[in-house]
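1. Everything below, folded, please.
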Amino acid sequence: MSLVRRVRGASLGTQLFVLQMVIVLLAVGGTASVWADHTRDQLDSLYEQRALAIAQSVAALPQVRDAFDLRDPEKVLQPLALSVQESTGADYVVIANREQTRYAHPNAALIGERLSTDGTSVLTTGRSWVGTETGTIGTTVRGKAPIFDEYGDVIGLVSVGVLRTTVSGRLAAALPPLLWTALAVLVCGLAAAALITARVRRQTFGLEPSEIAALLEQREGVLHGVKEGVLALDLAGRVTLVNDAARELLGDVGEDLTRMPVSDRLRDVLAGDDPGEDRVVLHGDRVLVLNRTPVSVRGQHRGWVVTLRDRTELVRLSRELNDSSSATEALRAQAHEFANRMHTVVGLLELGEHEEAIGFITRLTRGAYATDLCERVQDPTLAALLVAKSAEAAERGARLVLAEDTSVPEGAIGDPQDAVLVVGNLVANAIDALDGAPGTIEVSLLADAGGLRVRVCDSGPGIAPELVGEVFREGFTTKAARSGPRGLGLALTRQACLRRGGWVKARNADGAVFTALLPPALPVDFVGDR
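-> Modelled structure (predicted):
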């Protein structure tokens, strides 16, 4: 029991080695035992048939049959039996009559006595018999054959036997090759067990089962505890590991990258067709940042690990911060301009030019851009955005104007969040398209029961023809598109319009023209019923 406890407390490699050696020993021992039993049976059968063949040959001799008619048959049969015994190597040759009285025996003193083993079955049936019996000289493998007279009647029998010790001696002579073979198999098994044990230790890095289980538990805890998504891919692009955060961000990822229900842009980043760090992609309503890192084990490349971070809220806050900064700068510029105008008014009043001061104030009031904008765009959030963008355009040498058909009644657009996103991104794209050159940006906003229609035109160089169909894809999936200045803003614009059942388009007409339709938002209860 102490040995069993020591084996149980040993390392995994030692336990595997001992287990394999036990298996090899059992296999070799079992095989050797079966072989020995089979060989013994074969030898028994061989010597039985040999003894029977000798007995049948003796029984068929004419002098044996003729001797039964003599007054003293033993005088003829005893020398004959001893001669056959010596020439064939049998341990005994016995001849008896029908009453089972011996006429020949290796021990001459037993001649005339009854057989020590029963021969009735041979004498009565006339059939030969083989088997193992114990007689006067010991246990023998023997064969018995009937002796027939000239009329075919059984008149006696011949019994020929070989001692069982002789058979065992032949078996022992055959054992050395078996032992050497078993020893060679044991040595080979020992070497194979050592190799397997060493391989297992290498593959498990020398860790014990309890340590492997602890590492697995820690890995599961870390993977499912981190807030970032983790996705592991093998060399064939199959998903081998995905944590809870990744499932929440991507949904049902499946098992194969090629059949994963994601956009082409996201699939390109996951597959490495769009390499680089912190690749920004859109997936549904989320803005994700992906990093793809190769995984190597013992210097061999095994696959990749992709981390996913949700930056949706950060992008929204950044956009709001940019809008607030733009509005702040616009208000600062207006405050500076207002101060200059007030100084002018005060100067005119101090000089007594009251009529001139009144006229100056009237001209300022009638020509105020903000006043006109607020009259036509009555949603305060959208109006503030346009005032801020107008100031931003002015600082970059451009001029933002409202089209004549602009009309946004108060409350016509409901929640202005998507409207601010669409208009802000399209105007920002137009400002960037001018790239600091003097130009005009015309904005048309028309809100009615069908939603908000937006048109933004700039006097810039326009869109390259090969990029007209690509500008709304996040990150620009083609090589030419990736060299473009924008991508995420227009992609978010397209996403917002499609989410509401609308659309956004781009074309060239003396510059770039972007048009969009943003239908009214569906009621919350209706969206839930869908």
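2. Let me know the helix or strand that the residue nearest to Asp448 when sequence neighbours are not counted is in.
-> Spatially, and ignoring its direct neighbours in sequence, Asp448 is nearest to Ala412 (7.1 Å; Cβ to Cβ, 6 or more residues apart in numbering). For glycine as for every other residue, the C-beta is placed from the backbone atoms N, C-alpha and C. For Ala412, there is no enclosing helix or strand under DSSP states H and E.
3. Ala412 - how many residues pack around it?
-> Using other Cβ atoms under 10 Å, Ala412 has 19 other residues around it.
4. show me what contacts it?
-> 378-379, 447-448, 452 (Cβ atoms under 8 Å, 6 or more residues apart in numbering).
5. Highest neighbour count among these?
-> Neighbour counts for the contacts of Ala412 peak at Leu452, which has 27 neighbours (criterion: other Cβ under 10 Å).
6. List the residues that contact it.
-> Going by Cβ under 8 Å, 6+ apart, Leu452 touches 408, 412-413, 419, 422, 445-446, 517-518.
7. same thing but at 10 Å, please
-> Shown in contact with Leu452 (Cβ atoms under 10 Å, 6 or more residues apart in numbering): 379, 382, 408, 412-414, 416, 418-419, 422-423, 445-446, 497, 500, 502, 516-520.
8. Excluding chain neighbours, what is closest to it?
-> Using Cβ to Cβ, 6+ apart and skipping residues adjacent in sequence, the residue nearest Leu452 is Leu518, 4.5 Å away.
9. what's the neighbour count on that neighbour?
-> Count around Leu518 with other Cβ under 10 Å applied: 26.
10. Same question for Ala428.
-> Neighbours around Ala428, by other Cβ under 10 Å: 22.
11. That one against Leu400, yeah?
-> No: with contact defined as Cβ atoms under 10 Å, Ala428 does not count as touching Leu400 (11.1 Å).
12. between these two, what contacts are shared?
-> 389, 392-393, 456.
13. Generate TSV for the residues you listed, with secondary structure as supplementary columns.
-> Formatted as TSV, the shared contacts of Ala428 and Leu400 follow (DSSP: H, G, I helix; E, B strand; the rest coil):
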residue	secondary structure
Lys389	helix
Glu392	helix
Ala393	helix
Val456	strand
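14. most neighbours, which of the residues you listed?
-> Val456 (27 neighbours).
15. For that residue, give me its contacts.
-> Residues near Val456 by Cβ under 10 Å, 6+ apart: 400, 403, 422-423, 425-431, 433, 441-445, 506, 512-516.
16. can we see that at 6 Å?
-> 426-427, 430, 443, 514 (Cβ atoms under 6 Å, 6 or more residues apart in numbering).
17. how close does it sit to Leu490?
-> Distance, Val456 to Leu490, using Cβ to Cβ, to the nearest Å: 11 Å.
18. Val22 now?
-> 71 Å.
19. now do Asn243
-> The value you get for Asn243 to Leu490, if Cβ to Cβ is used, is 32 Å.
20. got the contact list for Asn508?
-> By Cβ under 6 Å, 6+ apart, Asn508 lies in contact with 462-463.
21. Next, give phi and psi for it.
-> When read as degrees, to the nearest 10, the backbone of Asn508 gives phi -110, psi 130.
22. Give me the distance between it and Gly439.
-> From Asn508 to Gly439 the distance is 15 Å (Cβ to Cβ).
23. now, which of the shared contacts of Ala428 and Leu400 sits nearest Ala96?
-> For those, the residue nearest Ala96 by Cβ to Cβ is Val456; the value is 129.7 Å.
24. Once you drop chain neighbours, what's closest to the closest one?
-> Here the residue nearest Val456, using Cβ to Cβ, 6+ apart, is Leu426, at 4.3 Å.
25. Show which residues not belonging to the helix or strand hosting the one you found make contact with it.
-> Secondary structure from DSSP H and E places Leu426 in helix 417-434. For helix 417-434, the surrounding residues in contact (Cβ under 6 Å, 6+ apart) are 382, 385, 389, 393, 398, 413, 441, 452, 454, 456, 458, 460, 485-486, 489, 493, 496, 512, 514, 516, 518.
26. Report the buried residues of it.
-> Buried residues in helix 417-434, counted by 16 or more other Cβ atoms under 10 Å: 418-431, 433-434.
27. for that helix, the distance to its chain's centre please.
-> Centroid separation for helix 417-434 versus its chain: 45 Å, with Cα atoms, centre = their mean, to the nearest Å.
28. What average pLDDT does it get?
-> The pLDDT scores in helix 417-434 average 87.
29. about what we covered before: from the shared contacts of Ala428 and Leu400, which is closest to Pro79?
-> Using Cβ to Cβ, the shared contacts of Ala428 and Leu400 come closest to Pro79 at Val456, 135.7 Å.
30. Show me the beta-bridge partners of that closest one.
-> Val456 has the following beta-bridge partners by DSSP bridges: Val443, Phe514.
31. From Gly299, how far out is it?
-> Taking Cβ to Cβ as the measure, Val456 falls 55 Å from Gly299.
32. same check, this time on Val253
-> According to Cβ to Cβ, Val253 stands 29 Å off from Gly299.
33. likewise Gly89?
-> Gly89 is 72 Å from Gly299, by Cβ to Cβ.
34. Settle it for me: which of those two has more neighbours?
-> Gly89 (10 against 5).
35. Can you pull the phi/psi pair for that one?
-> phi 80, psi 10.
36. Break the chain down into its domains, please.
-> Split into domains by automatic domain parsing, the chain comes to 13-170, 216-310, 311-367, 372-529.
37. Where among those domains is average confidence lowest?
-> The lowest average pLDDT among the domains of the chain, as it happens, falls on domain 311-367, at a mean of 67.
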